Structures are given as structure tokens and as C-alpha cells.
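# With the sequence up front, the predicted model follows.
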2 protein chains.
Amino acid sequence: MTDIRDDLDATLAHVWHLLETGAADSDAPARTLVLATVGVQGGAEARMVILRGVLRDENLLHIHTDIGSHKIAEIATDPSATLLIWDSGQKLQVRLRSTLAVRPGTAEEWARVPAPSRRAYGSAPPPGQPIASPDDARHGADPASFAVIEARVEEIETLCLSSDGHRRARFRCTDGFAGQWLAP
Amino acid sequence: MTDIRDDLDATLAHVWHLLETGAADSDAPARTLVLATVGVQGGAEARMVILRGVLRDENLLHIHTDIGSHKIAEIATDPSATLLIWDSGQKLQVRLRSTLAVRPGTAEEWARVPAPSRRAYGSAPPPGQPIASPDDARHGADPASFAVIEARVEEIETLCLSSDGHRRARFRCTDGFAGQWLAP
């Protein structure tokens, strides 16, 4: 394992390696991320999401969601979000400050969704609605409910825990992700 | 392991068990949680925090922080936050919608902070300030910088993943955490 602690370039390279392996491998540390958004009535919301795609040249991450989920309205109200990864192997926290946009999923993307995962789209009642019993939720599999969240990474902040002093760094899109050490 | 999936009372009991073991045992799944807050300029922020105390009778969780950290200003601007836990054993996501307050840590609380952890308080420059090299960060160990975030849990939302249908439930302080099934 590369020692990334005292090297800004190696830290940034590790973040993109984490993301790319996360999108490709269901057992990778960054397969699941936390998506934090601002609630429609203020306050912060957070939930686990699955990383479905990484377009490094465009600093874009893809997450799939049902068009009826609460986060769609939250993103419409405030598109500034944070994606959070914890990489236990490197004792590395990665915060990805991102601007989110939502678009319908394409037919090609829908074709790549595994059959069991498709059932989550277009279920009734919509996600988060009260029901009398878990048995009252009906599966969907409706491509019209399949949406893609595109997260454009604006800033990456890393915190690497170490017994000889934590390392914190920030990388901003505006200066080409050059990297800056921060007090931990 | 108790099957909590179809039982609201068992789900709620499991959440508090998770929290109480998290505060007591450094290897427990809820030892680390995600704290999501609203940024001072809007947008959502998120970071890992350590659960330091649970007062179930008051629905209160305790988290320690340096008084100079960015989250102090965020909490002053909008105290409505979410704490997020992922319990991989139960495939259970727990969202704790909470109202945060910050107070100075007491001398008794400071006495219980392990010596290596004390170094994080009162370091210079303050957390998040640019530095030229990681070597420029100096440790602190200043009890005047030691603060406690008290998170009052207003609402608990659980999502239990299962191949025979996910279970989602909500428990609100306003009705004594009676519990309500939601569409997943």
C-alpha cells in the first residue's frame, strides 16, 4: 500500500483510485458513500448511496435514484452537497463537496441495472410514504422512475489519521486540484 | 441475532443498543457516526465523529469537538443535523435527525479524555487553516478548547435491507417514538 500521508499528489491519486474501484467493484471501500444534502425545510439530511459511475475527466460521479425519493426535492432546493467516504485501510476520510444535478436515466443505463435492483424504481407508494405494514409496499421496475444524480466534484478534502499527527488537505477544482495542506 | 425486520419495537430497541454499545466500546459499529450539518454558506457538510456518550432517558448523544472547528459555526447557524449509522451486521441504516447544542466540556469530562486524544484540542493553527507543510501543525491539549456537542434525537429513521423487501420505519420523539412503517 502506498504511503500517501505526506504527499499531496499521492493523496489525490488515491482518492480517484478509491472512486474508480468503488464504481467498478461491489466490495471496494467506496462502493457505498454517504450523501449529505440540505433538507427542504433546512437542516441536514444524510443517507448511504451506491457509487455507480466515475467520469474522472469531467470530475463527475453517478448515483442512481428513484425519481420519487425525497432527495430529488432537496437537490432542487440546494444542489450543494457533500459525499463522504471512509477508507479504513488508509484511515482516510474523504469529503467530496459537489454540485448535484438530476436527469432521467438513459435506456443504456437502465439496461445495465441488475434485475433485482430494478424493483426499487417506481414502487408504490413512493419512498417514505406511511404504510400500515411492510407487506403494503409493492415493487416497481419502472424505467420512468429511474433517475441519475450527477455529482460534479468541486472540492476534495482529505483527513488521514496517524499516530504521529493527522494530515488534512484540500484540493479545489478552481486551481486544477493543486492541493493545499490544512491544520488537522 | 434478533430478527428486527418486521417488529417496530425490536427495531427501536436495536437502535438504542447500537448507540449504547457504540459509546461504550471502541470496536462497535456505532462508535463512529457521520455528522451531517448545513454549511455556513449553505450546502451540506459531513464528517465522521466519535460517539462519546448516550443519555437514553433524555434522547441525548454526546460528541467531543475542538471549539475552533468549522462545525461549531455551522451548528450556530443551523442546529438541525443528521447523524447516520450503518450497521453492516443487520444491513441497517439509521438516520438520527437531531437538534445540536454546543457547551464547554466539564473538568470531569476532560479527565476522562485519553491523553493521546487530548492533543487534538487547542492545536495551532486552528483546524482547517492552510499550512505550508504537515509539520507546521502543533498539538494542543488545552481544556479551554474542549467542547461537547449535545445532539437531541428528534426522529429516528431506519432502513433495513433484505432480499425479500427492504423495511423502512420512522420513530418520532413527539409521539414517544411509537414507530410508523414507511414505503422503502
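Received, thanks. Here the structure is a predicted model, which is why all the values come from computation and not from measurement.
# Tell me where chain A has strands.
A:32-38, A:44-55, A:60-66, A:80-87, A:92-104, A:146-160, A:167-172, A:180-182 (DSSP state E).
# highest average neighbour count across those?
Most buried of the strands of chain A, by mean neighbour count (mean count of other C-beta atoms under 10 Å in any protein chain shown): strand A:32-38, with a mean of 26. In this view, the C-beta of every residue, glycine as well, is placed from N, C-alpha and C.
# distance between the ends of stretch A:165-181?
Criterion C-alpha to C-alpha, to the nearest Å; first-to-last residue distance in stretch A:165-181 is 13 Å.
# repeat for stretch A:129-139
14 Å.
# Mind listing what's buried along that stretch?
Buried residues in stretch A:129-139, counted by 16 or more other C-beta atoms under 10 Å in any protein chain shown: A:131, A:134, A:137.
# about what we covered before: same list (the strands of chain A) but as TSV, adding mean pLDDT and distance to residue A:125.
Putting these into TSV (pLDDT from 0 to 100; distance: least, C-beta to C-beta, whole Å) gives the following:
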stretch	mean pLDDT	distance to residue A:125
strand A:32-38	98	22
strand A:44-55	98	19
strand A:60-66	98	12
strand A:80-87	97	26
strand A:92-104	98	21
strand A:146-160	98	18
strand A:167-172	98	42
strand A:180-182	98	45
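# Check the spacing between the residue lying farthest from the centre of chain A and chain B real quick.
What lies farthest from the middle of chain A is residue A:132; by C-alpha atoms, centre = their mean that is 31.6 Å. Note on residue A:132: its distance to chain B, by C-beta to the nearest C-beta, to the nearest Å, is 7 Å.
# Taking their axis directions, the top helix by length along chain A and strand A:80-87 sit at what angle?
Ranked by residue count under DSSP state H, the longest helix found in chain A is helix A:8-24. Put simply, helix A:8-24 runs at 90 degrees to strand A:80-87, going by axes from the mean of the first three to the mean of the last three C-alpha atoms, to 10 degrees.
# Which neighbouring elements make contact with helix A:8-24?
strand A:44-55, strand A:60-66, strand A:80-87, strand A:92-104, strand A:146-160, strand A:167-172 (3 or more C-beta pairs under 8 Å, 6 or more residues apart in numbering or on different chains; DSSP states H and E).
# Include distance to chain B when you put those strands into a markdown table, please.
As requested, the helices and strands packed on helix A:8-24 are exported to a markdown table (distance: least, C-beta to the nearest C-beta, whole Å):
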| stretch | distance to chain B |
| --- | --- |
| strand A:44-55 | 4 |
| strand A:60-66 | 10 |
| strand A:80-87 | 3 |
| strand A:92-104 | 6 |
| strand A:146-160 | 8 |
| strand A:167-172 | 5 |
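# What lies in contact with stretch A:6-24?
Stretch A:6-24 is touched from outside by A:2-5, A:28-31, A:33, A:51-54, A:56, A:61-62, A:85, A:87, A:90, A:92, A:94, A:156, A:158, A:160, A:167, A:169, A:171, A:177-181, B:134, with contacts defined as C-beta atoms under 8 Å, 6 or more residues apart in numbering or on different chains.
# one more time with 7 Å
For stretch A:6-24, the external contacting residues (C-beta atoms under 7 Å, 6 or more residues apart in numbering or on different chains) are A:2, A:4, A:28-31, A:51-54, A:56, A:61, A:85, A:87, A:90, A:94, A:156, A:158, A:167, A:169, A:171, A:177, A:179, B:134.
# Same check on stretch A:88-103?
Residues contacting stretch A:88-103 (C-beta under 7 Å, 6+ apart): A:1, A:4, A:14-15, A:18, A:29, A:72, A:75, A:79-87, A:147-161, B:46-48.
# Look up how far residue A:38 lies from residue A:17.
Remark: distance between residue A:17 and residue A:38 (C-beta to C-beta, to the nearest Å) = 30 Å.
# For residue A:70, the count of nearby residues, please.
17 (other C-beta atoms under 10 Å in any protein chain shown).
# do the same with residue A:89
8.
# residue contacts, residue A:135?
So residue A:135 contacts nothing (C-beta under 7 Å, 6+ apart).
# follow-up on the earlier one: disregarding residues adjacent in the polypeptide, which is nearest to the residue farthest from the centre of chain A?
residue B:181 (6.9 Å; C-beta to C-beta, 6 or more residues apart in numbering or on different chains).
# likewise residue A:93?
residue A:159 (4.4 Å).
# Wait, the one you found touches residue A:170, no?
No: here residue A:159 does not reach residue A:170: they are 10.2 Å apart, not a contact under C-beta atoms under 7 Å.
# you'd agree residue A:126 is up against residue A:65?
No: contact status for residue A:126 versus residue A:65: not in contact, 12.0 Å apart, counting by C-beta under 7 Å.
# Could you tell me which residues touch both of these two?
Between them, residue A:126 and residue A:65 share no contacting residue under C-beta under 7 Å, 6+ apart.
# Now do the same contact list for residue A:183.
Contacts of residue A:183 by C-beta under 7 Å, 6+ apart are A:168, B:123, B:125-129, B:131, B:137.
# try it again with 8 Å
A:168, B:123-131, B:136-137.
# Tell me the one of those residues nearest residue A:119?
residue A:168 (41.5 Å; C-beta to C-beta).
# From residue A:161, how far out is the closest one?
Counting by C-beta to C-beta, the gap from residue A:168 to residue A:161 is 10 Å.
# Residue A:150 now?
Distance from residue A:150 to residue A:161, by C-beta to C-beta: 31 Å.
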